Every structure is written in C-alpha cells, then in structure tokens.
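> Structure here, sequence nowhere to be found:
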Ligand SMILES: [Zn+2]
C-alpha cells in the first residue's frame, strides 16, 4: 500500500534523478551503477542463491495479482533474502506495505512498515500466513497501491481487526489493531486473496480510476507484444513450481 502524501515526494525524487542524468559530473557514477547492474544480472544468471536480486514489483493487470496465495510451510534462506529485497523495494517506491503477489510470488506473506522509512526499522513487520477476524466498526480513507501506480481512491474497511500470523522467527502473533496499521494489514491481506483496492471502490470511485486502469492495461499489453512479459500459461507454470517448493 502507498499513501497519497508520499506521491509528491515520489514525483520530486523522480525529477531530481532525471536532472542528474544531464549533469556531466554524474556520468561516471551512472557508468559505475550500470556496471553494478550488469554484474548483478551476471550473478543472478549463474546463482540460484541470488534469486532475490531478480525480485521486482509487478503492475496491474499482471495475472499474479489475481492469484490466491497458499500458506507457507517452510521459511528458508532464499525466502529470507526475498523478504529483505521486498523491504528494499517497498522503501524505494515510498510504500508502507508490500505483499508477495506484488513481487510475482504465490506465498501467503507480506511486509509492512507504517512509517515507510528504513530508519524506523522497529516498525518493520513480516506477516506469514495471516488470518483476519473480528472486524469492528467502519472507516473510510484514501489508499494507493505500489502495483497500481498513481491511482488513488477511498476505501471503506473495518476500523479494528484481529490478526493472527507467524513472524519470520516462526512465533505465533495475535494482535488487535486499528487506524493505519489495521488498514495496511487489510489491504495487504486482500492482495493474498487476489483482491485489489480498486475492487472495493464505490461506483463513482471506479469511474474516477477507469481511464488510469485502462492505460495500465494498454501498457501491459504492449509489453506482452514486445515479448517483455511471459504469457499467462508461463506465469501459471512458474507459480505452480514455486508453490511446490514451499507450500
Ligand atoms: Zn497494494
């Protein structure tokens, strides 16, 4: 999940990096970064251990976002690396929550930090196999999503919710949460069930985001036509293989 107030920060950060490209003094830095990127892709190609390096956020309407995730049966070193990478991606894109589906993985797991910054590491939480119960009250607030860039809308959710889950250390966690924390947990748990916040918008809200979603659909289709994305069958096959590994 991504709150709207970070959108402006997001935009100014992007403009800054565009300006930096025109600054001759930065050319060497850019070359150095490119070398690192090439080296990383080399390492990624030759080592399964570095699977996590290839983990990236996927955008609507990628089919994995509609996949219903299965509970994890084991947490191994590779999954820990993936979780670390998920936190990195979440901060990089100014988000406060990121679910496994959003990085093209079929696991019932998400990471959050309602403070949205790596310096506030004490607010980082990993939820494995979360189950929500005892919803209380109703609250409406605006939401955004890292997989649906620049789209925002008001969503009604339970004001309070009880969450049962496992931590990364394998401990069972049970908590009654409210406010932003309750909202983020509900938004991310929705992802694990293949549901997006835009599905929960009012008819007026749906109309407001219609064009932006249509643009993302066109963009996705263009990538498919350029063979930059696998087809539905290849995606389903990969998800099934990943499920067999850990669920
Ligand atoms: Zn989301």
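Structure's in. What do you need? Being a predicted model, the structure only gives us computed values, none of them experimental.

> from here on, contacts and neighbour counts on C-alpha atoms
Noted.

> Spell out which parts of this protein neighbour the ion.
Contact residues (CA under 5 Å from the ion) of the chain with the ion: 1, 145.

> And the strands in the chain, which stretches?
Using DSSP state E, the strands found in the chain span residues 97-99, 109-112, 125-145, 148-166, 172-178.

> Can you add mean pLDDT and mean neighbour count and give those back as a markdown table?
Formatted as a markdown table, those follow (pLDDT from 0 to 100; neighbours: other CA atoms under 10 Å):
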| stretch | mean pLDDT | mean neighbour count |
| --- | --- | --- |
| strand 97-99 | 98 | 31 |
| strand 109-112 | 98 | 25 |
| strand 125-145 | 97 | 17 |
| strand 148-166 | 97 | 18 |
| strand 172-178 | 96 | 14 |
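
> and the gap between residue 205 and the ion?
Separation of residue 205 from the ion (CA to the ion, to the nearest Å): 16 Å.

> I meant residue 125, not that one.
Applying CA to the ion to residue 125 and the ion gives a distance of 16 Å.

> May I see the buried residues of stretch 178-188?
178, 180, 181, 182, 183, 184, 185, 186, 187, 188 (16 or more other CA atoms under 10 Å).

> could the strands of the chain be laid out in a markdown table, adding distance to residue 3?
Formatted as a markdown table, the strands of the chain follow (distance: least, CA to CA, whole Å):
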| stretch | distance to residue 3 |
| --- | --- |
| strand 97-99 | 10 |
| strand 109-112 | 13 |
| strand 125-145 | 6 |
| strand 148-166 | 8 |
| strand 172-178 | 16 |
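
> Residue 223: which of those strands is closest?
The closest of the strands of the chain to residue 223 is strand 148-166. By CA to CA, the value is 15.9 Å.

> packing partners for the closest one?
strand 125-145, strand 172-178, helix 179-192, helix 203-225 (3 or more CA pairs under 8 Å, 6 or more residues apart in numbering; DSSP states H and E).

> looking at the sheet around the residue nearest the centre of the chain, what are its partners?
Centroid-nearest residue in the chain: residue 98, 3.3 Å away (criterion: CA atoms, centre = their mean). Counting by DSSP bridges, residue 98 forms beta bridges with residue 111.

> what residues are up against it?
1, 86, 87, 90, 110, 111, 112, 146, 188 (CA atoms under 8 Å, 6 or more residues apart in numbering).

> OK, now which residue of the protein is nearest to the ion?
Proximity of the chain to the ion (CA to the ion) peaks at residue 145, 3.8 Å away.

> who does that residue bridge with?
Residues in beta-bridge contact with residue 145 (DSSP bridges): residue 148.

> For it, give its distance to residue 153.
Residue 145 sits at a distance of 10 Å from residue 153 (criterion: CA to CA, to the nearest Å).

> Which residues are in contact with each of these two?
By CA under 8 Å, 6+ apart, no residue touches both residue 145 and residue 153.

> Next up, the contacts around residue 246.
72, 73, 74, 75.

> Skipping adjacent residues, who's closest to the third one in space?
To tie it back to what came earlier, the one meant is residue 74. Closest residue to residue 74 apart from its sequence neighbours, by CA to CA, 6 or more residues apart in numbering: residue 246 at 5.5 Å.
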